[in-house]
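Asks: I'll drop the sequence and a predicted model, then ask my questions.
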Amino acid sequence: MEPIIYQSSPRPRNRLYRFRYFILLMIIAAGLFYLNATGNQIDIFNPFATRDSVQSLPVMTPDPDYAMPAKELNRLDVLILGVRGANDPDAVDSGPLLTDSIQVFSYDKAAKKSSLISIPRDLFVIIHDQKKDKLNSAYEYGLSYSPDSLQFIKEKISQITGVYIDQVVVFDFSSFKGIVDALGGIDVTLTVPFSETQQWGASFSLPVGVNHLDGQSALYYARSRYSSSDFDRSRRQQQIMFAIEDKLLRLNLLSDPVKSFSILNLIRSEIKTDIGVWNISEFLNLANQVKFNQIKRGVISTDNLLVESKDNGVYILLPKEGTLVGIKQLFQDNLR
């Protein structure tokens, strides 16, 4: 098995910057943290908030490969999902609630190590009982069949990764551009040129070097999928996440409470999470412990753990071993 190649991202060491980095990364990039608590969850975009009815889940047939892992006291794992959103062009044919971005932020409290790993949306897994489908359909399935869609998707990702998912955040890609525009745009640095000619109705390209992106360009860069692989798209999404965090640090929002409130209010309206007010102290404490300049970033792909295949003519990805063992081992090893 070829190992995943991680990239470390240099980060400021000043304690204040570390604190702000964590908060901002979790709020914007990972969508973790800013709260408007109304019970146990924060509702976001309307398609999630209004469902006429929830169907009953079929009886679950046990599968040893999908056993639910136990909670590890010294570990925190947060699931970050990006859905297409009702305004996305791809949503017309494929649905606004499919998750195009699936990432897990992990932190070992004892070793003080952290990582951010992307899981491909085309991974073919058991969604429920013996129903198999792409992983990006699991959240939508939970919305239709489970009384608690966030708990459903947490348990599904826990079964696949072998680590207990503590919290989950869902954000809408179609509203993502509004956040970038509110920040005055972001900067991304490319080492190779990027071009997408098939997806957006017109050619979209970026040259080598530093590129300043507005919200629409950032969305195109993060979501383009025809000119490169889904794995490359995952890497671009991670790059956008960290670019947003960098811009927030440069804006010094703590010194401009009016602008800060405006941006955070926008973010708050666009996320759904099960993080409650009782979790705040844990995350604040964590902010002073994480070695942010050593966050590992990786993508599960055909370069390491997966193989390409088809199911009834539809492109899918399967674990090389035929089971989830390799993926689960990765999530056990990623903080060592």
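Replies: Done, it's in.
Asks: use CA for all of it now, contacts and neighbours both
Replies: Fine.
Asks: how far away is His128 from Ile160?
Replies: As judged by C-alpha to C-alpha, to the nearest Å, His128 and Ile160 stand 12 Å apart.
Asks: Would you mind telling me which of the two has the busier surroundings?
Replies: More crowded of His128 and Ile160, by other C-alpha atoms under 10 Å: Ile160, with 23 against 20.
Asks: Give me the phi and psi for that one.
Replies: Ile160 adopts backbone torsions of phi -80, psi -40, taken as degrees, to the nearest 10.
Asks: lowest-pLDDT helix or strand in the chain?
Replies: Every helix and strand in the chain was compared by mean pLDDT, DSSP states H and E; the lowest is helix 46-49, with a mean of 33.
Asks: got the contact list for the helix or strand just after that helix?
Replies: The helix or strand immediately downstream of helix 46-49 is strand 75-83, counting by DSSP states H and E. Strand 75-83 is contacted by residues 30-32, 96-110, 154, 157, 163-173 when judged by C-alpha atoms under 8 Å, 6 or more residues apart in numbering.
Asks: what do you get for stretch 108-115?
Replies: With C-alpha under 8 Å, 6+ apart, stretch 108-115 has contacts from 74-76, 104-107, 286, 289-292, 294-298, 334-336.
Asks: CA atoms only: put that stretch into CSV for me.
Replies: In CSV, the C-alpha atoms belonging to stretch 108-115 read as follows (Å, rounded to 0.1, in the frame of the first residue of the first chain):
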residue,chain,number,x,y,z
ASP,A,108,-5.1,13.7,19.1
LYS,A,109,-5.3,15.6,22.4
ALA,A,110,-2.4,13.6,24.0
ALA,A,111,0.1,13.7,21.1
LYS,A,112,-1.2,17.2,20.0
LYS,A,113,-1.2,16.2,16.4
SER,A,114,-3.9,17.1,13.8
SER,A,115,-4.9,16.2,10.2
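Asks: Pull out the buried residues from that stretch.
Replies: 108, 112-115 (16 or more other C-alpha atoms under 10 Å).
Asks: Also stretch 132-148?
Replies: Quick answer for stretch 132-148 (16+ other C-alpha under 10 Å): 133-146.
Asks: Repeat that for stretch 308-323.
Replies: For stretch 308-323, by 16+ other C-alpha under 10 Å, it's 316-320.
Asks: shaky segments in the stretch 1-150 of the chain?
Replies: Along the stretch 1-150 of the chain, segments meeting pLDDT under 70 span 1-63, 85-94.
Asks: rerun that using 80 as the cut-off
Replies: 1-64, 84-96, 129 (pLDDT under 80).
Asks: hey, where'd the strands end up in it?
Replies: Applying DSSP state E, counting those that start in this stretch to the stretch 1-150 of the chain gives strands spanning 7-8, 75-83, 99-108, 113-118, 124-128, 131-134.
Asks: out of those, which comes closest to Gly209?
Replies: strand 7-8 (18.7 Å; C-alpha to C-alpha).
Asks: list the helices and strands the one helix or strand Glu308 maps to packs on?
Replies: Assigned by DSSP H and E, Glu308 falls within strand 306-311. Counting contacts by 3 or more C-alpha pairs under 8 Å, 6 or more residues apart in numbering; DSSP states H and E, strand 306-311 packs against strand 314-319.
Asks: Taking strand 124-128 as reference, get the angle to the strand it packs on.
Replies: 90 degrees (axes from the mean of the first three to the mean of the last three C-alpha atoms, to 10 degrees).
Asks: who touches stretch 316-330?
Replies: Contacts for stretch 316-330 (C-alpha under 8 Å, 6+ apart): 65, 122-124, 134, 160-163, 305-310.
Asks: Phe176: what's it in contact with?
Replies: Applying C-alpha under 8 Å, 6+ apart, the residues contacting Phe176 are 215, 219.
Asks: Give me the buried subset of the contacts of strand 75-83.
Replies: For those, buried by 16+ other C-alpha under 10 Å: 30-32, 96-108, 154, 157, 163-173.
Asks: What are the buried residues along the lengthiest helix in the chain?
Replies: Looking across the chain with DSSP state H, the single longest helix is helix 230-251. Judged by neighbour count using 16+ other C-alpha under 10 Å, the buried positions of helix 230-251 are 230-248.
Asks: just stretch 76-87 next, same as before
Replies: Result for stretch 76-87 [16+ other C-alpha under 10 Å]: buried residues 76-86.
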